[in-house]
Each structure stands twice: as structure tokens, then as C-alpha cells.
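K.L.:
Dropping a prediction and its sequence here:
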Amino acid sequence: MIQPHADAQPLAVHCAVLTASDSRTVETDRSGQLIQQLLQDHQHVVQDYRLLPDRAVAIAALVQQWCNQPEIDAVILNGGTGIAPRDTTYDAIEQLIQTPIPGFGELFRWLSFQDIGSRAIASRAIAGVRNATLIFSLPGSSNAVRLGMESLILPELMHLTRQMQG
């Protein structure tokens, strides 16, 4: 895999992590725990972590609140990106985004396709920017989280954060 140019200076990105799930608890949230661990392993800061039921209004309210906090550079969500009626995370996030990052979803589905085949078409992974805060929304499976974090988010997190900081 082609690696991006290394960032000149390390940057600890301050992140908020949200798991959208009707069935997980903080103790059983392996995907949320994985996101936090990978961020910390790369010297980033987990500023906040929450687990909410997959309800668009509550998700949108929390993400909007985080995007209004200058100490949070990026919000990373997992869960609720499928097409089932109960999957509302995409709908909540899509309407909050001011500047879309379409390449994120496109590349995530392409990488997923290599992993799981044609079922990747049902993923509504999405990314964008609101109030100079990066937003990444991944499926809830730990394999999808690891794929998105290691292949896309972590390699670009410092670079994209610097772009938001002007």
C-alpha cells in the first residue's frame, strides 16, 4: 500500500469517540475501545467517549456539541452506517457536514470490497467537516473500524487537522 508523506512535526489530535448502538454497553463496546486504543497508540488524545442508542436526533445533537468545542479536532463514530431502518447514524451525520470528504467513503468501500466482497455496497461510511472539526463515521464491526482507522484515518489525521487549523 502506498503511504502518504510523513508529517513534518507530530501533532496530538484531540478526538471524541461515539459508538451508536442499541445493543452494546461500555463494557462490550469493542469497536469504541479499539478506536480509543488506536488513537492513543498514535499519541492522539481521546477528549471524550460516549455510547448512545442509534437515534439520529441524539447523535446529531452530541456531534454538533462536540464540533462547537474548540478543544476537539476530530469526531470518530462507529455504528449505524448500514441500510437497515434502525441505522440512523449516516442520516444524522450527513446533514451536519458542511464540507464533505467524499473520498473517505469511496476508499472505505473499495477497501471493504477487497475484504468482504460485494456486501461493501451497503456501507454508508462518511466523512466531512463541521466548524473546522473533522468527522469520520465508520461501520460498527471491529474489522471495519480497524480497516478504516489503520488504512485511512490514522495516516491522514494529522495532515487533515493541520489543514483545518489553517
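P.N.:
Perfect, I can see it now.

K.L.:
Grab the longest helix from this protein for me.
P.N.:
helix 102-116 (DSSP state H).

K.L.:
which helices and strands sit right next to the next helix-or-strand element following that one?
P.N.:
The C-terminal neighbour of helix 102-116 among helices and strands, as given by DSSP states H and E, is strand 126-130. Packing partners of strand 126-130 (3 or more Cβ pairs under 8 Å, 6 or more residues apart in numbering; DSSP states H and E): helix 56-67, helix 89-96, strand 99-100, helix 102-116, strand 133-138. In short, each C-beta sits where N, CA and C put it, glycine included.

K.L.:
can you redo these as CSV with mean neighbour count?
P.N.:
Formatted as CSV, these follow (neighbours: other Cβ atoms under 10 Å):
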stretch, mean neighbour count
helix 56-67, 18
helix 89-96, 20
strand 99-100, 13
helix 102-116, 16
strand 133-138, 27
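
K.L.:
mind putting the ones you listed in CSV, mean pLDDT included?
P.N.:
Below are the helices and strands packed on strand 126-130 laid out as CSV (pLDDT from 0 to 100):
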stretch, mean pLDDT
helix 56-67, 98
helix 89-96, 96
strand 99-100, 98
helix 102-116, 97
strand 133-138, 98
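
K.L.:
so which of the ones you listed gets nearest Gln36?
P.N.:
Counting by Cβ to Cβ, Gln36 lies closest to strand 133-138 out of these; the figure is 13.3 Å.
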